[in-house]
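Student: Mind looking at a prediction? Sequence and model below.
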Amino acid sequence: MWTAALWPAEVAVFVWPTGILQVFTGAVDDGYGGLLGWVWLVCAVTTIALVGLTWLALKERAYSAVMAATGLLYLGILTAFGMDLVPRAVLAP
């Protein structure tokens, strides 16, 4: 629940003021023709989707649903790490 509540604020921090949005407009060169901006966008969308799927999986009462939720959350952690790492690499001085 906390992840879903804090996720929009984290995305806003990376987009504004000088952030990933400038990679899409071309003001900040990522060295790959804007590809890293798209990687960040996919990571951001995938992270919230995986958190939502984890939440839905935990509503089931079966043990296999808990195992599935664990796997989904691990994948969500990896994509969240990508969402954090890409802007740091692109926007580092």
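Tutor: Arrived safely, thanks for sending. Numbering: from 1, shown residues only.
Student: Let me see the ranges of the strands in this protein.
Tutor: Counting by DSSP state E, one finds no strands in the chain.
Student: so where is it shaky, pLDDT-wise?
Tutor: Within the chain, the stretches with pLDDT under 70 are 1, 93.
Student: Quick one: the helices in this protein, in order.
Tutor: All helices of the chain, identified by DSSP state H, fall at 2-15, 20-25, 35-57, 63-91.
Student: Turn these into a markdown table, columns for mean neighbour count.
Tutor: All C-beta atoms are positioned from the backbone trio N, CA, C, and that covers glycine. Formatted as a markdown table, the helices of the chain follow (neighbours: other Cβ atoms under 10 Å):
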| stretch | mean neighbour count |
| --- | --- |
| helix 2-15 | 13 |
| helix 20-25 | 18 |
| helix 35-57 | 18 |
| helix 63-91 | 15 |
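Student: Mind checking which residue lies nearest the centre of this protein?
Tutor: By Cα atoms, centre = their mean, the mean C-alpha position of the chain lies nearest to Ala44, the distance being 2.9 Å.
Student: you'd agree it is up against Phe81?
Tutor: No - counting by Cβ atoms under 8 Å, Ala44 does not reach Phe81; the two are 12.0 Å apart.
Student: For the residue nearest to Val86 when sequence neighbours are not counted, which residues are in contact?
Tutor: Distances taken as Cβ to Cβ, 6 or more residues apart in numbering put Trp40 closest to Val86, at 4.4 Å, once the chain neighbours are dropped. Residues in contact with Trp40 (Cβ atoms under 8 Å, 6 or more residues apart in numbering) are Phe14, Ile20, Val23, Gly82, Met83, Val86, Pro87, Val90.
Student: pretty sure Ala65 is touching Ala57, no?
Tutor: Yes - counting by Cβ under 8 Å, Ala65 does reach Ala57; the two are 5.1 Å apart.
Student: wait, which of the contacts of Trp40 is closest to Gly34?
Tutor: Using Cβ to Cβ, the shortest approach to Gly34 within those belongs to Val23, at 6.1 Å.
Student: Spatially nearest residue to that closest one (excluding sequence neighbours)?
Tutor: Gly37 (3.6 Å).
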